[in-house]
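Q: model the following, please.
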Amino acid sequence: MTSQADAVLAAIRERRSVKQVRLDPVPRDLIEQVLEAAVWAPNHHLTQPWRFFVLTGSARDALGEVLARDPALSADKREAIRQKPLRAPVVIAVAVEPDPRRPLLDEIAAGVAAIQNMLLAAHALGLGAIWRTGRAIEDPAVKAFFGLSDRAVLLGFVYLGFPASVPEPPARRPASECTMWFDAATTAAARARALDGSSPAGTVEPTSAT
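A: The predicted structure follows:
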């Protein structure tokens, strides 16, 4: 295996969602490298639907005000929500403005792939990052804050900074537990399900390689 392959596979295995980052400023050139990695994500039809919004300094406070605007919430709850964008020195909102001529799922998948590239690039550059979603991504006021269209999909926020601590790796199911290898029998069963209607659709159990 080449050193390049080793490096890529190691980055995939070693990357972690880093919740705790220092509040030291992140140099702009590092942020730009993370964004540049994002636009090299796979994208069906090369529509490049991704949109990135980089928030630092007081821009994070403004987002917090939008998130915490509900007067029905208690003062403590509103303050806790308002503080969320301040957990990292850089917050990058990621959205897709889908091409109406293409399937929406293709456009969303491209945006998600871009986020994965961002997380891997951040790790490679010595930064800590975490992808956060939650109710905010469906909030019309948040979409308005970023000037997104009604059709746009906000995929979440990448919090970025120099890591204060890196968590231990979580337990992962091995690929073998969620993989089916198609052999003659499974291929015949799949064909029957799809074309003959002789077997009900449902969860297909993974099979081991032979």
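
Q: and residue 14, what does it touch?
A: By Cβ atoms under 8 Å, 6 or more residues apart in numbering, the contact set of residue 14 is 123, 169. (Each C-beta comes from the backbone N, C-alpha and C, glycine too.)

Q: I figured residue 26 hits residue 162, correct?
A: Yes - between residue 26 and residue 162 a contact is recorded at 7.0 Å, counting by Cβ atoms under 8 Å.

Q: need the overlap of contacts for these two.
A: residue 127.

Q: these two: which has the busier surroundings?
A: residue 26 (22 against 18; other Cβ atoms under 10 Å).

Q: from residue 20, how far off is the closest residue to the more buried one other than its chain neighbours?
A: In this structure, residue 26 finds its nearest non-sequential neighbour in residue 90, 5.1 Å apart by Cβ to Cβ, 6 or more residues apart in numbering. For residue 90, the distance to residue 20 (Cβ to Cβ, to the nearest Å) stands at 15 Å.

Q: please apply the same query to residue 62.
A: Counting by Cβ to Cβ - residue 62 and residue 20 are separated by 24 Å.

Q: mind listing what's buried in stretch 133-145?
A: 136, 137, 139, 142, 143, 145 (16 or more other Cβ atoms under 10 Å).

Q: more neighbours: which of residue 90 and residue 20?
A: Just comparing residue 90 and residue 20: by other Cβ under 10 Å the higher neighbour count belongs to residue 90, 24 against 14.

Q: can you pull the contacts of that one?
A: Neighbours of residue 90 in contact, by Cβ under 8 Å, 6+ apart: 26, 31, 54, 55, 56, 159, 160, 161.

Q: cool, residue 62 as well?
A: Residue 62 neighbours (Cβ under 8 Å, 6+ apart): residue 145.

Q: pull the number of nearby residues for residue 69.
A: Neighbours around residue 69, by other Cβ under 10 Å: 13.

Q: go on, residue 64?
A: Residue 64: 20 neighbours (other Cβ under 10 Å).

Q: whichever strand or helix holds it: which residues count as buried?
A: For residue 64, the host element (DSSP states H and E) is helix 58-67. For helix 58-67, burial by neighbour count (16+ other Cβ under 10 Å) applies to 60, 63, 64, 66, 67.

Q: narrow the contacts of residue 90 to those in strands?
A: Judged by DSSP state E, the contacts of residue 90 include 54, 55, 159, 160, 161 as members of strands.

Q: looking at the residues you listed, which one is closest to residue 44?
A: Nearest to residue 44 among the ones in strands among the contacts of residue 90, counting by Cβ to Cβ, is residue 54 at 25.9 Å.

Q: nearest spatial neighbour of the closest one, skipping sequence neighbours?
A: For residue 54, the spatially nearest residue (Cβ to Cβ, 6+ apart) is residue 92, at 5.4 Å.

Q: go on, residue 150?
A: residue 143 (8.0 Å).

Q: now for the strand or helix carrying the one you found, which elements pack on it?
A: Residue 143 belongs to helix 140-145 when elements are defined using DSSP H and E. Taking 3 or more Cβ pairs under 8 Å, 6 or more residues apart in numbering; DSSP states H and E as contact, the helices and strands that helix 140-145 lies on are helix 58-67.

Q: pull out the buried positions in the helix or strand following the helix it packs on.
A: Following helix 58-67 in sequence order, the next helix or strand is helix 75-83 (DSSP H and E). Within helix 75-83, the residues scored as buried using 16+ other Cβ under 10 Å are 78, 81, 82.
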